[in-house]
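Peer 1: attaching a predicted model along with its sequence, questions to come.
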Amino acid sequence: MSSATHAAIEQLMTEMQKSVIGQDAVARALTIALLCNGNVMLEGLPGTAKTRSIKTLGRVLQADLGRVQFTPDLLPSDVTGTEVYQEVAGKQTLTFQEGPIFNNLLLADEINRAPAKVQSALLEAMEERQVTVAGKTYPLPELFMVLATQNPIEQEGTYPLPEAQMDRFLMKVNIDYPDTSGELGIVRLVHGEEQAQEAVPASISQQHIFEAREQVRNIHISEAVEQYLVDLVIATREPQRYSEDLQRWIQVGCSPRASIGMHRAARAEAWLAGKDFVDPDDVRSVMHPILRHRLILSYDALAEGITSDQALDAVMEQVAVS
């Protein structure tokens, strides 16, 4: 493990924590997703620094950031780009004009406010890291990440994301309001920025991200731990094997992408902790953000007020390390 690379990634998290006070878990989740080359959904109430977190990540990485405010009148071409007529040397030609998706980071703000036709424009980019327009395929940057935000309480004028798209997010991170000390720190931070005292965050080279990804790939994970994480996912698909409550609560379990995502994220978690192997605690620490958006709860669970996290807590209690 390269100490310089590990120190750079630690610095990345530190700079985000300085700018987004009281949301250390969010900074860690974004870092893990970056190391896993995954996409992230941030869900939280207004004012919980969802957009600020993403902007800070872009500044520290010195990455190109494209922002799209999703609205009901948005078109797919507003995201991907489109072909436009141009006259060159007296000849009319079609030239592809890139959309905001051709940045290192794409901030899809309030993603659930756009209809399904726009949502579908993101599917290919999130999975294959390319965009196809008018029969031509255009590759996206090597460092590419979709970071989407949505508000959990506003339902008017929103379009729930289809399960196929939710499954393409590596993580769904729930953001709560900060505690008292965090709130005080936020007030003082904003006051300092108003007085033009905002510190410029230290930046790191994007090359450190690629080096860290290579090191994460080489983290050892034993067969027993692999079996454990697979058993956790299988428990969401076959809840009747574990308890009557799980059988009543879970309507549809998690896809194989969940197992793949947990395998990657657990290795990234172990790497961040300075270990060269994955243990069951690493799997448990990434389980909720990897699985919570892939579960479909039953009507009984919703009627009882059971959340995805509570169902996953029950799964964790029932599944033992073999």
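Peer 2: That came in fine, so what should we check first?

Peer 1: give me the below-cutoff pLDDT ranges for the stretch 51-200 of the chain.
Peer 2: Counting by pLDDT under 70, the stretch 51-200 of the chain shows low-confidence ranges at 154-157, 193-200.

Peer 1: please, where are all the strands along it?
Peer 2: Taking DSSP state E, counting those that start in this stretch to define them, one finds strands in the stretch 51-200 of the chain at 65-69, 81-88, 91-98, 105-109, 130-133, 136-139, 145-150, 171-175.

Peer 1: correct me if wrong: residue 8 contacts residue 203.
Peer 2: No: in terms of CB atoms under 8 Å, residue 8 does not count as a neighbour of residue 203; the distance is 9.9 Å. Every C-beta, even on glycine, is put in place using the N, C-alpha and C of the backbone.

Peer 1: of the two, which one has the most company?
Peer 2: For the pair residue 8 and residue 203, the greater number of neighbours falls to residue 8 (19 against 15), based on other CB atoms under 10 Å.

Peer 1: which other helices and strands does the host helix or strand of that one contact?
Peer 2: Take DSSP states H and E as the rule and residue 8 turns out to sit in helix 3-19. Applying 3 or more CB pairs under 8 Å, 6 or more residues apart in numbering; DSSP states H and E, we find helix 3-19 packed against helix 24-35, helix 50-61, helix 206-217, helix 256-272.

Peer 1: any chance of those helices in a markdown table, plus mean neighbour count and distance to residue 90?
Peer 2: What follows is those, written out as a markdown table (neighbours: other CB atoms under 10 Å; distance: least, CB to CB, whole Å):
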| stretch | mean neighbour count | distance to residue 90 |
| --- | --- | --- |
| helix 24-35 | 22 | 47 |
| helix 50-61 | 21 | 41 |
| helix 206-217 | 17 | 41 |
| helix 256-272 | 23 | 51 |
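
Peer 1: one step back: need the strands of the stretch 51-200 of the chain in CSV with mean neighbour count and distance to residue 279, can you?
Peer 2: Supplementary listing: the strands of the stretch 51-200 of the chain in CSV, determined by neighbours: other CB under 10 Å; distance: least, CB to CB, whole Å:
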stretch, mean neighbour count, distance to residue 279
strand 65-69, 17, 35
strand 81-88, 12, 45
strand 91-98, 11, 44
strand 105-109, 24, 31
strand 130-133, 16, 36
strand 136-139, 12, 37
strand 145-150, 25, 27
strand 171-175, 22, 20
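
Peer 1: one step back: can you add distance to residue 15 and give the helices and strands packed on helix 3-19 back as TSV?
Peer 2: Below are the helices and strands packed on helix 3-19 laid out as TSV (distance: least, CB to CB, whole Å):
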stretch	distance to residue 15
helix 24-35	9
helix 50-61	5
helix 206-217	13
helix 256-272	15
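
Peer 1: hey, least reliable of these by pLDDT?
Peer 2: Considering the helices and strands packed on helix 3-19 one by one, the lowest average pLDDT is found for helix 50-61, at a mean of 85.

Peer 1: now do that one: distance to the chain's middle.
Peer 2: The gap between where helix 50-61 is centred and where its chain is centred comes out at 13 Å by CA atoms, centre = their mean, to the nearest Å.

Peer 1: quick check: angle from it to strand 171-175?
Peer 2: Counting by axes from the mean of the first three to the mean of the last three CA atoms, to 10 degrees, helix 50-61 points 120 degrees away from the direction of strand 171-175.

Peer 1: tell me what angle helix 50-61 forms with helix 24-35.
Peer 2: Going by the same axes, to 10 degrees, helix 50-61 makes 50 degrees with helix 24-35.

Peer 1: which residues touch residue 257?
Peer 2: Residues in contact with residue 257, defined by CB atoms under 8 Å, 6 or more residues apart in numbering, are 167-168, 294.

Peer 1: of these - the most surrounded one?
Peer 2: Counting by other CB under 10 Å, residue 294 has the largest number of neighbours within these, with 21 neighbours.

Peer 1: isn't that residue up against residue 255?
Peer 2: Yes: counting by CB under 8 Å, residue 255 is a contact partner of residue 294 at 6.2 Å.

Peer 1: any chance of the contacts of residue 257 in a markdown table, plus distance to residue 79?
Peer 2: Listed next are these as a markdown table, based on distance: CB to CB, whole Å:
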| residue | distance to residue 79 |
| --- | --- |
| 167 | 19 |
| 168 | 15 |
| 294 | 24 |
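
Peer 1: so which of those comes closest to residue 274?
Peer 2: residue 294 (29.3 Å; CB to CB).

Peer 1: how close does the closest one get to residue 167?
Peer 2: Shown here: residue 294 relative to residue 167, a distance of 6 Å by CB to CB, to the nearest Å.

Peer 1: overlap of the contact sets of the two?
Peer 2: Counting by CB under 8 Å, 6+ apart, the shared contacts of residue 294 and residue 167 are 255, 257.
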